[in-house]
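Participant: curious how this folds, go ahead:
(one chain, ligands or ions: 2)
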Amino acid sequence: MNIDRHGRTIDYLRISVTDRCNLRCRYCMPEDGVAWRPHDAMLTLEEITRLVAIAAQEGFSRIRLTGGEPLVRLGIADLVRNITQTPGIERVAMTTNGILLPKFAKDLREAGLTRVNISLDTLDPAQFTHITRWGDINDVFAGIDTALRVGFNPVKINAVVVRSLKQDLLAFAKLSISRPLHVRFIEYMPVGDPQGEDGLGWSVQDTIPNQELIELINERAEAGGLGRLIGLNSATSPEGWGPARYYRFEGALGTVGFISALSRHFCKECNRLRVTAEGDLRPCLFSDLEFSVKAALRSGDDDEVRRILCEALAAKPDEHHNQVGTERLMSQIGG
Ligand code: SAM
Ligand code: SF4
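Facilitator: Ligands and ions are numbered 1, 2, ... in the order given. Below you'll find the model as predicted:
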């Protein structure tokens, strides 16, 4: 059932396990966090595990846990263990801000998590605190160190790039040289951005097209004697489930990747379905169309869960047509 109407194989489920977070990135969440919801509005860990088991029977084999911040969800390592032990699930990954990795990485690794993406948008400590409202960049660095130490592979660093941040792009790219880190530059997406006086005021116009980004990095790298980035093919790129294009500096242990959701449509290669923390299946990041599986999961009606999964899959559009949903924040969808 996991081939959609447009011929794409959909085998990758991205699950938001919470809409809470220990940071408040200004482009992702308002300062007060998300509106209070009763505890039972969220899927329980058992319900998430059940959903994964049914999805696996329908051909899903890769799971990413995201949020909000997945590491603030109580019992997260148990959830990872349950998912990795689900027949049909081949790989489990997590997207995290990294702050709590020193505390949980070892348990997560033992529970079967193999891959982590750590979000970090700037290398400047003051700018990091400003973007996240109160975060300490040293906690993220400690999280990255721990991720490498416990043996996650690959460890990817996700940086949302916008012109107005004036990020030191070369310093980011250089993180990939002496350690096996895969640095990915991601285009900002105007999904549910809590704009307003407290926001960062980013807009689509603020994005830097990939080709320009690559050129900027190459110019600076050449001036610094590093040489230009070398393009990689699918055999030499780190294994990924998404649409990044990868490069490497000569002799580097890691890679540099570029992801553009808006300027280069990757909809043709779309392989995913999203689940919100409240149990809504979301066929496309950019559309507010959702299908709730919560009631079916709660009543133990697996066939109905399966039917709703099929319905959500059938509703996957061919592409996002530059429409952007507005009803949910990125922290609720999971990025
Ligand atoms: N808390 C975790 C983290 O920050 O990695 C996981 C959830 S977060 C919503 C997932 C990713 O979405 C992060 O890398 C974040 O930078 C990215 N993100 C959030 N809002 C975004 C936006 N408007 N455009 C592009 N990426 C965004
Ligand atoms: Fe939290 Fe991640 Fe959103 Fe930042 S991007 S507020 S860390 S969910």
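Participant: now do the helices in the stretch 1-150 of the chain.
Facilitator: For the stretch 1-150 of the chain, the helices defined by DSSP state H, counting those that start in this stretch occupy 45-57, 76-84, 101-110, 125-132, 137-150.
Participant: and these as a markdown table, adding distance to Gly254, mean pLDDT and mean neighbour count?
Facilitator: Yep, even glycine has a C-beta here, placed from its N, CA and C like the rest. Shown next, in a markdown table, are the helices of the stretch 1-150 of the chain (distance: least, Cβ to Cβ, whole Å; pLDDT from 0 to 100; neighbours: other Cβ atoms under 10 Å):
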| stretch | distance to Gly254 | mean pLDDT | mean neighbour count |
| --- | --- | --- | --- |
| helix 45-57 | 30 | 98 | 20 |
| helix 76-84 | 24 | 98 | 20 |
| helix 101-110 | 18 | 98 | 19 |
| helix 125-132 | 21 | 96 | 17 |
| helix 137-150 | 10 | 98 | 18 |
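Participant: show me what residue of this structure gets nearest to ligand 1.
Facilitator: Gly335 (2.4 Å; Cβ to the nearest ligand atom).
Participant: how about the residues of this protein that lie near ligand 2?
Facilitator: Neighbours of ligand 2 within the chain, by Cβ under 6 Å from any ligand atom: Cys21, Leu23, Arg24, Cys25, Cys28, Met29, Gly67, Gly68, Glu69, Asn97, Ser119, Ser331.
Participant: select, out of the helices of the stretch 1-150 of the chain, the one closest to Ile308.
Facilitator: Ile308 sits nearest to helix 45-57 of all these, at 9.8 Å, using Cβ to Cβ.
Participant: any idea of the angle the closest one forms with helix 76-84?
Facilitator: 20 degrees (axes from the mean of the first three to the mean of the last three Cα atoms, to 10 degrees).
Participant: keeping just the C-alphas, turn helix 45-57 into CSV.
Facilitator: Extracted C-alpha coordinates of helix 45-57, given in CSV (Å, rounded to 0.1, in the frame of the first residue of the first chain):
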residue,chain,number,x,y,z
LEU,A,45,4.1,5.9,24.0
GLU,A,46,2.1,2.7,23.7
GLU,A,47,-0.1,4.3,21.0
ILE,A,48,2.9,5.6,19.1
THR,A,49,4.4,2.1,19.3
ARG,A,50,1.2,0.6,18.0
LEU,A,51,1.0,3.0,15.1
VAL,A,52,4.6,2.2,14.2
ALA,A,53,3.7,-1.5,14.2
ILE,A,54,0.8,-1.0,11.9
ALA,A,55,2.8,1.3,9.6
ALA,A,56,5.5,-1.3,9.5
GLN,A,57,3.0,-3.9,8.3
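Participant: from Gln332, how far off is the residue of the stretch 51-200 of the chain found nearest ligand 2?
Facilitator: As assessed by Cβ to the nearest ligand atom, ligand 2 sits closest to Asn97 within the stretch 51-200 of the chain, at 3.7 Å. In this view, Asn97 and Gln332 are 16 Å apart by Cβ to Cβ, to the nearest Å.
Participant: count the neighbours of the residue nearest to Arg91 when sequence neighbours are not counted for me.
Facilitator: Nearest residue to Arg91, sequence neighbours excluded (Cβ to Cβ, 6 or more residues apart in numbering): Arg62, at 5.0 Å. By the measure other Cβ atoms under 10 Å, the count of residues near Arg62 is 17.
Participant: pLDDT score assigned to Arg62?
Facilitator: Here the pLDDT value assigned to Arg62 is 97.
Participant: show me what it is bridged to.
Facilitator: Tyr12, Arg91 (DSSP bridges).
Participant: contacts only, for the residue in the stretch 201-335 of the chain positioned nearest to ligand 2.
Facilitator: Of all residues in the stretch 201-335 of the chain, Ser331 sits closest to ligand 2, with a separation of 4.1 Å (Cβ to the nearest ligand atom). By Cβ atoms under 8 Å, 6 or more residues apart in numbering, the contact list for Ser331 reads Asp19, Cys21, Cys28, Met29, Val34, Gly67, Gly68.
Participant: and the fourth one, how many neighbours?
Facilitator: By other Cβ under 10 Å, 23 other residues sit near Met29.
Participant: thinking again about what came up before, wait, is the residue of the stretch 201-335 of the chain closest to ligand 2 part of a strand?
Facilitator: No: judged by DSSP: H, G, I helix; E, B strand; the rest coil, Ser331 forms no part of a strand; its state is helix.
Participant: find me the pLDDT at it, would you?
Facilitator: Reading off the model, Ser331 has pLDDT 72.
Participant: how close does it get to Pro30?
Facilitator: 9 Å.
Participant: cool, and Pro209?
Facilitator: In this view, Pro209 and Pro30 are 29 Å apart by Cβ to Cβ.
Participant: how much space between Leu148 and Arg109?
Facilitator: Distance from Leu148 to Arg109, by Cβ to Cβ: 11 Å.
Participant: go on, Asn82?
Facilitator: 16 Å.
Participant: for the chain, give me the ranges with low pLDDT.
Facilitator: 1, 191-199, 261-265, 322-327, 334 (pLDDT under 70).
Participant: understood, closing this out.
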